[in-house]
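Novice: My questions concern the predicted model and sequence given below.
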Amino acid sequence: MQTWPPDLVPIYRDQIGRIVATLIRTLGDFDLAEEIAHDAFIAAMEQWPARGTPENPAGWLVQTARHKAIDEVRRRQNLRKKLREEEIVAAIETSFAPPDEEATLEDDRLRLMFTCCHPAIALDAQVALTLRTIGGLTTEEIARAFLVPAATMGQRIVRAKAKIAGAKIPYRVPPIELLPERASAVLAVIYLVFTEGYAATEGDDLIRHELCAEAIRLARLVRALLPSTSEAVGLLALLLLTDARRAARTSETGDVVLLEDQDRSRWDKAEIDEGLTLVVDALRASAGAPGAYAVQAAIAACHARAADPKDTDWRQIVGLYAVLLRIHPSPVIALNQAVAVAMAFGPEQGLAALEPLEKSGDLERYHLFHSAKADLLRRLGRFSAAREAYARAIEVVGSEPERRFLAARLAAVEEAWKRS
Amino acid sequence: MQYLLLIYEDEKASNSMSEAAQGQLFQDYMKFTADIKASGHWLAGEALQPISTATSVRVRDGKSLTTDGPFAETREQLGGFYMVEAKDLDEAMSIAARIPTAKTGTIEVRPIMAFG
């Protein structure tokens, strides 16, 4: 892709998914569809530099793919000596709607997304297939992002495509009775793509950024296609509000910067504005029963709205975590709620909220539990107990920047303890 | 498109069912089979005798090796099957979900290979 004219790259990212999606619907063959779509881009690469970029580049690509598809079908028909060619050519002609009939093309992409995220395909393969066919990422790029060898990733994709064809996984938007379950699988894949790009601390930074951008693009697409699905809107809001903090969340030396210490002027204002509007839409569309993405987005919105950490509406955050716990009972969410309780009502209350979690033992090996406890003890001036909790956090922490962060906190507490 | 729906269940658990529960299960299977025959999905279907009747045969270097018991010792055993006609995997999955044993065991959905 390095040899491509630069103006073609954004068009590729934008158009490859929809061209492939339409070709799959017409030809019923993933590999052939990808091959023809790529042929169309290669034709662009060869012809545009000499003849100039066409006025409507997307339209040109769709036209070229259409002709190539017709040629291919004609060639195959000759091989099979069947005489239904006119029918198939007619089907291709009508399926490649003129560019003004955008709706058909978008439906194709949605159909493809539901096929790629079918529950009969393993989750890691769903993610890979979605990024490959709809996102237009290469197998090598996906492999690098997920830190697996390219051959492994290639195998994963090949196997998933073979299953789609072999088991006849349908290419369609699921009927209404399956839609909630299937739509949530699509959203889960997008969420996974985003967190893979956002949360991990190892791997190629550029590719990781690309994953976040791709997840947001896919979330935009699904939201546009399912505008009345509250969780589709909520997910897009959540991703935007989280991504807005990207620049501020690590220091120049690559160290973790806590939410309360972040330079909020470096948050992305445009993403926050869009996210805040979408949160309201998502909650409105939820008819009083918001899902996990909408609630998480609402929590992110509480942070985004606060120009200064001390303006944060922690009481509302405590309430939102209670809603989230009802949807998804989980010790990690309970921990987050306990931290919010400490911010809203004081460290003593926060410690009390941590007690049942400590008794359950669920988070014994989770460093953020121990560091949260240590932080509350430190604020209460109980330095000796804080020291023990930081030491325990360091024992179980996984990533190096986080270890450095905890070690610095431990040193500060030890200093305070000696002085007291 | 044809699919084989393989019905796996924990034989011990089904042996320890009460007579009334077994009677109910039998009724449920009769009804399910009648339903998929009426809807045109049914191609074939049988229940199998318990794994205590199973024999596994292997031929290696021309020699036949016969062992008592099923091919693999697993928690759930193959207890029966249906062969159905369905338009795609979604339809086959929805038929599989209606098999009475789906509530307690596992239904494996396998597309049948088409040659030529």
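Specialist: Structure's in. What do you need? Numbering: from 1, shown residues only, chains lettered A, B, ... in the order given.
Novice: quick one: contacts for the residue in chain B that chain A sits nearest to?
Specialist: Ranked by C-beta to the nearest C-beta, the top residue of chain B for proximity to chain A is residue B:88, at 4.1 Å. In this view, the C-beta of every residue, glycine as well, is placed from N, C-alpha and C. Residue B:88 makes contact with A:168, A:169, A:170, B:1 under the criterion C-beta atoms under 8 Å, 6 or more residues apart in numbering or on different chains.
Novice: I'd guess residue A:54 is in a helix, am I close?
Specialist: No - looking at residue A:54 with DSSP: H, G, I helix; E, B strand; the rest coil, it is coil, so not inside a helix.
Novice: Next to chain A, which bits of chain B? Give me the list.
Specialist: By C-beta under 8 Å from any C-beta of the partner chain, the part of chain B that sits against chain A consists of B:1, B:87, B:88, B:89, B:90, B:93, B:109, B:111.
Novice: For whichever residue of the stretch 201-350 of chain A sits closest to chain B, which non-adjacent residue is spatially closest?
Specialist: In the stretch 201-350 of chain A, the residue found nearest to chain B is residue A:226; the distance is 18.6 Å by C-beta to the nearest C-beta. In this structure, residue A:226 finds its nearest non-sequential neighbour in residue A:232, 4.6 Å apart by C-beta to C-beta, 6 or more residues apart in numbering or on different chains.
Novice: Tell me how many other residues surround the one you found.
Specialist: The local packing of residue A:232 (other C-beta atoms under 10 Å in any protein chain shown) involves 28 other residues.
Novice: for residue B:7, same thing?
Specialist: Count around residue B:7 with other C-beta under 10 Å applied: 24.
Novice: my read: it touches residue B:99, true?
Specialist: Yes - using C-beta atoms under 8 Å, residue B:7 makes contact with residue B:99 at a distance of 6.2 Å.
Novice: residues shared between the contacts of those two?
Specialist: B:82, B:107.
Novice: Which helix or strand in the chain has the lowest average pLDDT?
Specialist: Defaulting to chain A. Within chain A, no helix or strand scores below helix A:85-95, which has a mean of 65 by mean pLDDT, DSSP states H and E.
Novice: The chain in question should be chain B.
Specialist: With mean pLDDT, DSSP H and E as the measure, the helix or strand of chain B carrying the lowest mean pLDDT is helix B:11-15 (a mean of 86).
Novice: Please report the distance of the residue nearest to the spatial centre of chain A from residue A:302.
Specialist: The centroid of chain A falls nearest to residue A:194 when counting by C-alpha atoms, centre = their mean (2.7 Å). According to C-beta to C-beta, to the nearest Å, residue A:194 stands 20 Å off from residue A:302.
Novice: Next up, the contacts around the closest residue to chain B within the stretch 51-200 of chain A.
Specialist: Relative to chain B, the nearest point of the stretch 51-200 of chain A is residue A:170 (4.1 Å; C-beta to the nearest C-beta). By C-beta under 8 Å, 6+ apart, the contact set of residue A:170 is A:115, B:87, B:88, B:89, B:90.
Novice: now residue A:186
Specialist: Residue A:186 makes contact with A:113, A:114, A:117, A:222 under the criterion C-beta under 8 Å, 6+ apart.
Novice: if you look at the residues you listed, which of them are in helices?
Specialist: A:113, A:114, A:222 (DSSP state H).
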